[in-house]
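Q: please work out how this folds:
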Amino acid sequence: MIAQAPVQVSAPASPASRQFTCDSLSGKIFQLCDGVPRVYFTSANSSSSSIIRIANDTKGSMKAVIELQRGDAVEGVIEQGQQVSFDVPSISRLSISSSGEGGISKGNYTIRIRREAK
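A: Down below sits the predicted model:
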């Protein structure tokens, strides 16, 4: 019988030992109320999760389309004076369209991106 060295199997890191970094960015929304979507963010790489906050400071409504890296999308309507948050996995792109009175739509957005540190 030939003696064999023990085989070491490494288990995946437990959730408690994983390290994450968070990046935050924000910007102003300023566009025509013409229903045409404008892209405000495009991701350069993958993330673990994202929280997107959008505030509508004008008359009329905004429609946010958050495209995910897995191919589907999350959509939401932000009415006048509202602030809405979305908690999504792996954002790929954020676009916003606007319709309503006033001709110009104004607001702001904040994106907080969480990535696993390597």
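
Q: quick one: low-confidence parts of this protein?
A: Where the chain drops to pLDDT under 70, the residues are 1-16.

Q: break down it into its strands, ranges please.
A: Secondary structure of the chain (DSSP state E): strands at 20-34, 38-42, 49-56, 61-68, 73-78, 83-88, 91-116.

Q: now do Ile54: how many residues are near it, please.
A: 23 (other C-beta atoms under 10 Å). Where C-beta positions appear, they are placed from N, C-alpha and C, glycine not excepted.

Q: how close does it get to Ala117?
A: 28 Å (C-beta to C-beta, to the nearest Å).

Q: in the sheet, who's paired with Val39?
A: Per DSSP bridges, the residues bridged to Val39 are Ser95.

Q: that one and Thr21: what is the separation?
A: In terms of C-beta to C-beta, Val39 sits 24 Å off from Thr21.
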